[in-house]
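Colleague: Need coordinates for the below:
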Amino acid sequence: MSRPTNESTWPHAGAILAGGESRRMGQPKEGVILPDGHPMIAHVISALQAVCRQIVIVGACRGFRIPEDVQHLPDLHPGEGPLAGLESLLAGGLDDRYLIAGCDQPLLTPELLRRLTRCESNGICLFDTGDERDFLPFPGIYPAALLTRVREALSNGQRSMKRLLERAAITCVMLPAEDVPLLRSFNTPADLAELPRRQ
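Modeller: I've put the predicted structure just below:
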């Protein structure tokens, strides 16, 4: 995919978590080819490149060849889930704040991501739908200062992003109901079958 023209660049890094086992998909999610002919992760890269000063992929990223203009950080603890991926990113020392998305969120748009980068908080910034049943850790802005808390959680055997965030101070950006589908993760072949109707 061609790199979008930056209209307004956020002065921090965008990051994509791509270290999952993709068991439900049956193949590495990041490399799944979508109906438009592009790998799923390429859509996420494109959206982040339109917003952030640099992009880093965290994890093995087994199904996609990482472009030369995108940095790569291996997982410190492969197969341990997104919380371990978050540790690997925050420990990488590339920046003091990151806009993080999953490799399986191909419907993200630059316009949507810019709503988060306008957040004035220096801490965690996430979308909120107003529905307590929704748990939306990604995309989100996470500060490097969270590393100590993430490491404490992992050392205690905790692997849950939800549990980590329950104890954290979060600035919320309200997201209208019509935009919530843009945050969807596609984890199974059945999920992918719905993509043509959503694009």
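
Colleague: how near is the residue of the chain most remote from its centre to residue 164?
Modeller: The C-alpha centroid of the chain is most remote from residue 156, which lies 24.1 Å away (CA atoms, centre = their mean). To residue 164, residue 156 is 11 Å away according to CB to CB, to the nearest Å. All C-beta spots, glycine's among them, are computed from the backbone N, C-alpha and C.

Colleague: and if you look at residue 39?
Modeller: Relative to residue 164, and taking CB to CB, residue 39 is found at 29 Å.

Colleague: same deal with residue 114?
Modeller: Distance from residue 114 to residue 164, by CB to CB: 25 Å.

Colleague: quick one: low-confidence parts of this structure?
Modeller: Applying pLDDT under 70 to the chain flags residues 1-7, 196-199.

Colleague: Going by residue numbers, what spans are helices in it?
Modeller: Assigned by DSSP state H, the chain shows helices spanning 40-49, 82-90, 110-117, 147-155, 161-166, 189-192, 195-198.

Colleague: Dump those helices into TSV; add mean neighbour count and distance to residue 183 as well.
Modeller: Compiled in TSV, the helices of the chain are given as follows (neighbours: other CB atoms under 10 Å; distance: least, CB to CB, whole Å):
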stretch	mean neighbour count	distance to residue 183
helix 40-49	24	12
helix 82-90	23	15
helix 110-117	18	8
helix 147-155	15	22
helix 161-166	15	14
helix 189-192	14	13
helix 195-198	11	12
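
Colleague: Can you give me the neighbour number for residue 124?
Modeller: 21 (other CB atoms under 10 Å).

Colleague: cool, and residue 61?
Modeller: Residue 61 has 22 nearby residues by other CB under 10 Å.

Colleague: Quick check: it touching residue 18?
Modeller: Yes. Residue 61 lies in contact with residue 18 (CB atoms under 8 Å); the separation is 4.1 Å.

Colleague: Any idea how many residues pack against the residue lying closest to residue 172 once chain neighbours are set aside?
Modeller: With sequence-adjacent residues excluded and distances taken as CB to CB, 6 or more residues apart in numbering, residue 172 is closest to residue 128, at 3.8 Å. By the criterion of other CB under 10 Å, residue 128 has 14 neighbours.

Colleague: Can you name the residues bridging to residue 128?
Modeller: Using DSSP bridges, the beta-bridge partners of residue 128 come out as residue 174.
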